[in-house]
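> the following block contains a protein sequence and its predicted model.
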Amino acid sequence: AQKVTQAQTEISVVEKEDVTLDCVYETRDTTYYLFWYKQPPSGELVFLIRRNSFDEQNEISGRYSWNFQKSTSSFNFTITASQVVDSAVYFCALMFSTSGTYKYIFGTGTRLKVLA
Amino acid sequence: NAGVMQNPRHLVRRRGQEARLRCSPMKGHSHVYWYRQLPEEGLKFMVYLQKENIIDESGMPKERFSAEFPKEGPSILRIQQVVRGDSAAYFCASSPPGLANRADTQYFGPGTRLTVL
């Protein structure tokens, strides 16, 4: 069965601290895709990143970085020097193939509060 | 470059009424997906449509819920005889045209928040 676990329900940090959001996934597929989305207080879902299962290279985009480790089935997200605008709910998602189509399964999200 | 559009953003219905949620996919996209987000939970897949075709409705409740994506116009998620448990945020996502078995990134709309009184 496919599953995404975000064990951290809520994290609070002070501005400028670094913070890591954990994501652990389960799948038997050899080909799959992992995503992070941001849901700010306004409610929309903003796409942040996509990784495929064959590419374990870590990625950095500005203050954001992602660490994909197949050995531990994890795809963690780090925000460096956090800012108040980073306050949001962050969702990790797994895309897998089922019955000829691809489907997303989302984790329950981690609410990040960055305090000024 | 308009993103995925959903309307209304907020919808209030009384128990027993019908709710109609609309979704216009991103320009050039022809695949539409509907998800439901209950309070404090992640998104749960409901249905996947292409123009005039339901590809996968495995996440749709068996009764009262239906979805369509006509040749012209937006995709519609319809909930008949709403109950309080239908209160949730409903998100639409779209992806580019192509075969249904492609692993395309989905881009989400702002959601419709349905409140059933």
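Nice, thanks for sending it over.

> only the buried residues of stretch B:86-104, if you could.
B:D86, B:S87, B:A88, B:A89, B:Y90, B:F91, B:C92, B:A93, B:S94, B:S95, B:A103, B:D104 (16 or more other C-beta atoms under 10 Å in any protein chain shown). From N, CA and C alone the C-beta is placed, and that goes for glycine too.

> kindly report the same for stretch B:78-85.
For stretch B:78-85, the neighbour count (16+ other C-beta under 10 Å) marks B:I79, B:V82 as buried.

> neighbouring contacts of that stretch?
Stretch B:78-85 is touched from outside by B:13-21, B:64-68, B:86, B:114, B:116-117, with contacts defined as C-beta atoms under 8 Å, 6 or more residues apart in numbering or on different chains.

> give me the subset of the buried residues of stretch B:86-104 that also touch chain A.
By C-beta under 8 Å from any C-beta of the partner chain, the members of the buried residues of stretch B:86-104 lying near chain A are B:A89, B:F91, B:A93, B:A103, B:D104.

> any chance you could map the strands in chain B?
For chain B, the strands defined by DSSP state E cover B:5-7, B:10-13, B:19-24, B:31-37, B:43-50, B:53-56, B:65-68, B:75-79, B:88-95, B:107-108, B:112-116.

> coming back round to it: ok, which pair from the ones next to chain A among the buried residues of stretch B:86-104 is furthest apart?
Spatially, the most separated pair among these is B:A89 and B:A103, at 24.9 Å (C-beta to C-beta).

> any bit of the helix or strand hosting A:V89 sitting next to chain B?
In this assignment (DSSP states H and E), A:V89 forms part of strand A:88-98. Yes - Strand A:88-98 is in contact with chain B by C-beta under 8 Å from any C-beta, via A:F91, A:M95, A:S97.
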